[in-house]
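Participant: Compute the structure for the input listed below.
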Amino acid sequence: MAGDHRTLREALRIRESDITDETVWRQRRRVLAAFGAIPALGLSACAEAEAPPAPTAPPPSPAAVAAGFSTDETLTREIDATTYNNFYEFGTGKADPSRAARTLRTSPWQVEVSGECARPGTLELNDLLRGFLPEERTYRLRCVEGWSMVIPWLGVPLGEVLRRFEPTSNAKYVAFTTLADRAQMPGMRYRSIDWPYREGLRIDEAMHPLTLLATGVYGKPLPQQNGAPLRLLVPWKYGFKGIKSIVAIRFVERMPPTAWNDLQPREYGFFANVNPDVDHPRWSQASERRISGTEGKLFANRIATRPFNGYAEHVASMYAGMDLRRWY
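Facilitator: The predicted structure follows:
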């Protein structure tokens, strides 16, 4: 972090009236504590019965997609993006990961690629990314809790990495798994989600040029609390889709189970596309608190949430014909 960064306590000091998302967080934690009693209703049951319809609209041109690689919106300060995080493996408080994640060893690091592909294998991280030059992408990050950031990332397009493994025609989805090591991840000692953390994308989502495997942020290697050494970025989806500290990627034929959707499918859909017209059952998604560049105040302002987090012109064609209220 830059030498002029304030202490963590100073960085997180905001007015009591501004801490709306902390209420959301406490509600979410109560759900976690009771997850064993929650019936598996909603999207997961639908996914077992049928797959969503295939898209019917043509994709946007490469030039149009490339326009989504940057934004002129005010960046979130590095101190905020690296001390205000969700990473349950290191605790459920926003400041917990920036302290506890120091125990995470990020080298050496291996990633297993398996499933419906012609060239499966377990590779060292450097071998997985060999030949790719990191690209800088400035993306909006929208959390399902109702806050957002604008962050400059470094990484490589996921689709280009996946093509090296030659997925077969049976590869309809891509499943991801986070490291699960209680010795390095103290938050795993507490009952919350069903470890390890799991996420997934439809194959066309995974191959989309906006989907990024991030290895850095603010021009530096990715810090542990932000998902080092390898995390997923899907900027048109809610932040919980951005799985951190990835150790396994698997090509699968059926929609894979994912951590939050398994826990409470009526609240956290598999697709998780940002949609201001579909509220979370316990709060509105119509607006968000932007965390951006304001000294002494964590939340700069409240702004309207845009469909697909403002990336609709680049990704909406993938969901043509789908009922986005049902397949949320």
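
Participant: rest of the way, CA atoms for contacts and neighbours
Facilitator: Fine.

Participant: From P257, how far off is K244?
Facilitator: Counting by CA to CA, to the nearest Å, the gap from K244 to P257 is 16 Å.

Participant: More neighbours: which of the two?
Facilitator: For K244 versus P257, neighbours defined as other CA atoms under 10 Å are more numerous around K244 (27 against 16).

Participant: Any idea what Y173 is bridged to?
Facilitator: Under the criterion DSSP bridges, Y173 forms beta bridges with R202, V252.

Participant: in the helix or strand encompassing I303, what's buried?
Facilitator: The secondary structure element spanning I303 is strand 301-304 (assigned by DSSP states H and E). When neighbours are counted by 16 or more other CA atoms under 10 Å, no buried residue of strand 301-304 is found.

Participant: who touches that strand?
Facilitator: Contacting residues not belonging to strand 301-304 are listed as 286-291 [CA atoms under 8 Å, 6 or more residues apart in numbering].

Participant: Tell me which stretches of the stretch 101-250 of the chain form strands.
Facilitator: For the stretch 101-250 of the chain, applying DSSP state E, counting those that start in this stretch gives strands covering 110-115, 121-124, 135-142, 147-157, 173-178, 198-202, 212-217, 220-221, 231-233, 246-252.

Participant: List the contacts of the residue positioned nearest the centre of the chain.
Facilitator: In the chain, the C-alpha nearest the mean C-alpha coordinate belongs to G242, at 1.6 Å (CA atoms, centre = their mean). Taking CA under 8 Å, 6+ apart, we find G242 in contact with 231-234.

Participant: S287: how many residues sit nearby?
Facilitator: The number of residues near S287, taken as other CA under 10 Å, comes to 15.

Participant: Next: R130.
Facilitator: When neighbours are counted by other CA under 10 Å, R130 registers 10.

Participant: That one and L263, how far apart?
Facilitator: Distance, R130 to L263, by CA to CA: 36 Å.

Participant: related to what we said a few turns ago, columns distance to F270, mean pLDDT and mean neighbour count on top of the strands of the stretch 101-250 of the chain, output as JSON lines?
Facilitator: Shown next, in JSON lines, are the strands of the stretch 101-250 of the chain (distance: least, CA to CA, whole Å; pLDDT from 0 to 100; neighbours: other CA atoms under 10 Å):
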{"stretch": "strand 110-115", "distance to F270": "20", "mean pLDDT": "98", "mean neighbour count": "20"}
{"stretch": "strand 121-124", "distance to F270": "27", "mean pLDDT": "98", "mean neighbour count": "14"}
{"stretch": "strand 135-142", "distance to F270": "16", "mean pLDDT": "97", "mean neighbour count": "21"}
{"stretch": "strand 147-157", "distance to F270": "20", "mean pLDDT": "97", "mean neighbour count": "23"}
{"stretch": "strand 173-178", "distance to F270": "12", "mean pLDDT": "98", "mean neighbour count": "24"}
{"stretch": "strand 198-202", "distance to F270": "8", "mean pLDDT": "98", "mean neighbour count": "23"}
{"stretch": "strand 212-217", "distance to F270": "18", "mean pLDDT": "98", "mean neighbour count": "25"}
{"stretch": "strand 220-221", "distance to F270": "29", "mean pLDDT": "97", "mean neighbour count": "14"}
{"stretch": "strand 231-233", "distance to F270": "15", "mean pLDDT": "98", "mean neighbour count": "24"}
{"stretch": "strand 246-252", "distance to F270": "15", "mean pLDDT": "98", "mean neighbour count": "22"}
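
Participant: now those as JSON lines including distance to A300?
Facilitator: Written out in JSON lines, the entries for those read as follows (distance: least, CA to CA, whole Å):
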{"stretch": "strand 110-115", "distance to A300": "38"}
{"stretch": "strand 121-124", "distance to A300": "40"}
{"stretch": "strand 135-142", "distance to A300": "15"}
{"stretch": "strand 147-157", "distance to A300": "10"}
{"stretch": "strand 173-178", "distance to A300": "32"}
{"stretch": "strand 198-202", "distance to A300": "30"}
{"stretch": "strand 212-217", "distance to A300": "21"}
{"stretch": "strand 220-221", "distance to A300": "25"}
{"stretch": "strand 231-233", "distance to A300": "23"}
{"stretch": "strand 246-252", "distance to A300": "32"}
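
Participant: Which stretch among these approaches H314 most closely?
Facilitator: Comparing those against H314 with CA to CA, the closest turns out to be strand 135-142 (13.2 Å).

Participant: With that, I have no additional questions.
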